[in-house]
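Undergrad: This is a predicted model, with the sequence first.
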Amino acid sequence: MESREKDVQSGPGVYKHLPVAAKHHDAPMVSVLLPTFNRPKYLAQALASAVNQTYRNLQVIVVNDGGEDVSDVIGSFNDPRVLFIDRKENHGKAFSLNQALAGAEGKYIAYLDDDDLYYPNHIETLVDALEEKPQCGAAYSDLYNAHCELAPDGSRIILSKVVDVSRDFDRFLVLYFNNVLHVSLMHRKDLLERTGPYNEALDVLIDWDMTRRLAFFTDFCHLCQITGQYHTTPGRSDRISVRQRKDKRKYLGDALKIRTTRPPKPWLKIRDLSIIFTAAQPTRQTIETLALIWRYTFYPYKLYLPMPQTQLDSLQTQMPNIVPIPVQPKACEAERIDAALAKCDGEYVAVVPAGFEIRDFWLEDSLYGLINSQGCRDAYELEASSDALWAVVLEKSDLMRARSSFSHLPLRQSLEAANIRLRRLCPEEIPFQFDQLLEQARRTQKDGNYAKAAVMFQYIAEHYQNELWMKTLATEAFFKAANLTKAAELACELNRQRPTVDTLLLEARIKRQEKNFSEAIQLLEKAKQFIEARELIWT
C-alpha cells in the first residue's frame, strides 16, 4: 500500500512521521461507532484519534446518549466523515450502538468509547488482517491499560501503561468470559444479520454479549500489536462500566441473560447442546437443581423437561430455554428420556438426574472432551457422576442409535449394549489448561518462588498460545529471582519483537544493574515516549 508522511494530532502529544495510507478506490469503508455521555473533554481526544487514522475511508458515528451538549466538540473537527446523532434522551449504550448501526455504511464495524483512544494504525491494522484472512469475520488487537490519576479538574494523568492481556482466540473461553475488549474489535457488518442487534435490556457486559454471539458464526483473528489504549483509575474509577458493576445482583442477572442467549440458527461454528433433566416431578430439589444449572452452565443449551402435564403445569421457574415434554404419569425414566430425545435439536445431549451436583464447569469439562474426541463413539460421564446419580454427555446420534436398538434397557445399559464406550475425562482433555497453569504460576510467584514461577511462565509460552504475554511474565519473574542473564535475554528478545512500556522499563533496570547507564537511559526515554504517546508505531 502506498503511503506518505504527515504529522498527526490525536489526543495528548503529536505523533510524527506516521504513514498515511493512500486512499484506494477499492478500500472498504469502516464505520466507527462512538457513543458518548457527559465526557466532552475525553470525547475530543477519542474523536481525534478516530479521524486521524492512517486509514482514511472512515465513517465515524458519534451518538450523544442524552448527555450534555457536545455539538461544539463535533463542530470543531469540521470533518464530513463524522456523523453526529444528538439524542436528548438517555437510553443507554446498547440503544446508542443500535442507533449508530442503523446508519453504518461500512463493510466493517469498529468501536470506540468516548474515554479511550485509537493509535493511528488501529483501523489499518485490523482492516489488513480481515482482508487477508476472509475466513475470519472478526479481528482484535492488543491494548494498553493506561493507569491514571484523576486531576482536580477531572483530567487524567497517565502514570504507566501495561499490556494486561494478550490472549489468542479461544471460542470456549469467549462463551465463558470476555477477553476481547470492544475498543480492540473490528468485524464484518453483515454478521449482524445473524447475531441480531445489541440487547437493550442489558446495562453491563454489553460488549461481551455481542462478542459471544459473533463467536457462534465466525472465527476471530488475534493481532499481537498494540493499537490503542483504555484507562483505569485505581481507587476511584470514573469508568461507567466499573460503576455499573457495583450492583452485584444486577450484574449477575445480566451475565445470566448473556449466557442463555441463543442467536437464530444455523450456527456456523458451534454445535448445540440439549440437556435432558430426568426429574419425575417438580420437587424442591428439582427447582434448586434447575436454578443451579441456569447459574453455572455457560455453553449454549436448551433444557428438556419430560414430566406429566399436571406436573409441568405446577412447575414454577423463570429459567429460560426450558422445553416442556409431556409424558404419561407412570412413564419410567428410560421412557421419559426417549420422549425428550425425540424432541432434542442439539448435536450433543446430556442426561442429568435431579439432585446432581452443579458447580462451575460441571458439564463443560466433559463436553469439551467430547467436542475434541474426533468422532470417537465415546460417552463422557460427568465428573460428579456416581452410580446413585449417573450423568453423561454424548453425541445425539450415538444416543439415538443406542435407544432405538435397546429401548427396553435402562440408559446406561443401552449405551454399553450399543458398544458406546463410557469413559471419564483425562487430565489432558480438561479445558482452560492455559488458565490453570497461569494461575499456578502466579500463585507460585506470589509465594516468593520467582525462579520456579519464571520456568513455569516460560513453559506455558513454549507449549501454549499467548507467547508474548507469557514471555513478559517470565522476564519479570527471572528478574525478581536475580537471574539477570536470563531476564536480559528475554527482555532484549521482546523489545526487538514488540517493545512495551513494561518490557522497556524492565530491560532498563537490568542495564542499570549491569552499570550500562547509557543504554538504560535510552530505554527509559523510549518508555517515556510510549507513556506520553509520542511514539506509537512499533515496527
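TA: Okay, I see it. The shown structure was predicted, so the numbers you read here are calculated from the model rather than taken from an experiment.
Undergrad: C-alpha from now on. contacts and neighbour counts both.
TA: Will do.
Undergrad: excluding its backbone neighbours, what's nearest the residue nearest the centre of the chain?
TA: With distances taken as CA atoms, centre = their mean, residue 178 lies nearest the centre of the chain, 2.6 Å away. Nearest non-adjacent residue to residue 178, counting by CA to CA, 6 or more residues apart in numbering: residue 208, 5.4 Å away.
Undergrad: Next, the contact list for the one you found, please.
TA: Contact partners of residue 208, counting by CA atoms under 8 Å, 6 or more residues apart in numbering, are 177, 178, 180, 258.
Undergrad: Then residue 38?
TA: 67, 68.
Undergrad: so it sits in a helix?
TA: No. Counting by DSSP: H, G, I helix; E, B strand; the rest coil, residue 38 is not found in a helix; it is coil.
Undergrad: distance of it from residue 203?
TA: In this view, residue 38 and residue 203 are 17 Å apart by CA to CA, to the nearest Å.
Undergrad: ranges for the helices of the stretch 101-250 of the chain?
TA: 122-132, 171-176, 192-195, 206-214, 240-244, 248-259 (DSSP state H, counting those that start in this stretch).
Undergrad: Worst mean pLDDT among these?
TA: Across these, helix 240-244 has the smallest mean pLDDT, namely a mean of 53.
Undergrad: Now do the helices in the stretch 251-400 of the chain.
TA: 284-296, 309-314, 333-341, 364-371, 396-405.
Undergrad: okay, those in a markdown table with distance to residue 382 and mean neighbour count next?
TA: Below are the helices of the stretch 251-400 of the chain laid out as a markdown table (distance: least, CA to CA, whole Å; neighbours: other CA atoms under 10 Å):
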| stretch | distance to residue 382 | mean neighbour count |
| --- | --- | --- |
| helix 284-296 | 14 | 18 |
| helix 309-314 | 27 | 14 |
| helix 333-341 | 17 | 21 |
| helix 364-371 | 6 | 22 |
| helix 396-405 | 16 | 18 |
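Undergrad: Format those helices as a markdown table; extra columns: mean pLDDT.
TA: What follows is the helices of the stretch 251-400 of the chain, written out as a markdown table (pLDDT from 0 to 100):
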| stretch | mean pLDDT |
| --- | --- |
| helix 284-296 | 94 |
| helix 309-314 | 94 |
| helix 333-341 | 97 |
| helix 364-371 | 97 |
| helix 396-405 | 97 |
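Undergrad: want to throw the ones you listed into JSON lines with distance to residue 148?
TA: As requested, these are arranged in JSON lines below (distance: least, CA to CA, whole Å):
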{"stretch": "helix 284-296", "distance to residue 148": "35"}
{"stretch": "helix 309-314", "distance to residue 148": "55"}
{"stretch": "helix 333-341", "distance to residue 148": "55"}
{"stretch": "helix 364-371", "distance to residue 148": "38"}
{"stretch": "helix 396-405", "distance to residue 148": "52"}
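Undergrad: Of all the ones you listed, which one is nearest residue 326?
TA: Between residue 326 and the helices of the stretch 251-400 of the chain, the shortest separation by CA to CA is 5.1 Å, and it involves helix 309-314.
Undergrad: Could you list the residues in contact with that closest one?
TA: Residues contacting helix 309-314 (CA under 8 Å, 6+ apart): 281, 282, 324, 326, 327.
Undergrad: Can you report how many residues neighbour residue 359?
TA: 13 (other CA atoms under 10 Å).
Undergrad: just checking, it touches residue 292?
TA: Yes. If you go by CA atoms under 8 Å, residue 359 and residue 292 touch, sitting 7.3 Å apart.
Undergrad: number of nearby residues for the closest residue in space to residue 136 that isn't next to it in sequence?
TA: Of all residues not flanking residue 136 in the chain, residue 219 sits nearest, at 4.9 Å (CA to CA, 6+ apart). As a burial measure, residue 219 scores 19 neighbours (other CA under 10 Å).
Undergrad: again with residue 383
TA: 18.
Undergrad: what are the phi and psi angles of it?
TA: When read as degrees, to the nearest 10, the backbone of residue 383 gives phi -60, psi -40.
Undergrad: Was I right to think it contacts residue 426?
TA: No. Using CA under 8 Å, residue 383 makes no contact with residue 426, being 10.5 Å away.
Undergrad: so where's this protein shaky on pLDDT?
TA: Applying pLDDT under 70 to the chain picks out residues 1-25, 235-246, 533-539.
Undergrad: Tell me which residue lies farthest from the centre of the protein.
TA: Largest centre distance within the chain, by CA atoms, centre = their mean: residue 330, 46.2 Å.
Undergrad: quick one: that residue and residue 336, what's the gap?
TA: 10 Å.
Undergrad: Show me the common contact partners of the two, please.
TA: With CA under 8 Å, 6+ apart, residue 330 and residue 336 have no common neighbours.
Undergrad: which residue ranges form the strands in the stretch 101-250 of the chain?
TA: 108-111, 117-118, 136-150, 156-162, 185-188, 219-232 (DSSP state E, counting those that start in this stretch).
Undergrad: Just put these in a markdown table and tack on distance to residue 77.
TA: Shown next, in a markdown table, are these (distance: least, CA to CA, whole Å):
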| stretch | distance to residue 77 |
| --- | --- |
| strand 108-111 | 19 |
| strand 117-118 | 16 |
| strand 136-150 | 25 |
| strand 156-162 | 22 |
| strand 185-188 | 24 |
| strand 219-232 | 21 |
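Undergrad: Tell me which of these sits nearest to residue 317.
TA: strand 219-232 (35.3 Å).
Undergrad: quick one: buried residues of that closest one?
TA: 219-232 (16 or more other CA atoms under 10 Å).
Undergrad: For the residues you listed, give me JSON lines that also has distance to residue 522.
TA: Formatted as JSON lines, the buried residues of strand 219-232 follow (distance: CA to CA, whole Å):
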{"residue": "219", "distance to residue 522": "40"}
{"residue": "220", "distance to residue 522": "37"}
{"residue": "221", "distance to residue 522": "34"}
{"residue": "222", "distance to residue 522": "31"}
{"residue": "223", "distance to residue 522": "27"}
{"residue": "224", "distance to residue 522": "24"}
{"residue": "225", "distance to residue 522": "22"}
{"residue": "226", "distance to residue 522": "21"}
{"residue": "227", "distance to residue 522": "23"}
{"residue": "228", "distance to residue 522": "24"}
{"residue": "229", "distance to residue 522": "24"}
{"residue": "230", "distance to residue 522": "26"}
{"residue": "231", "distance to residue 522": "26"}
{"residue": "232", "distance to residue 522": "28"}
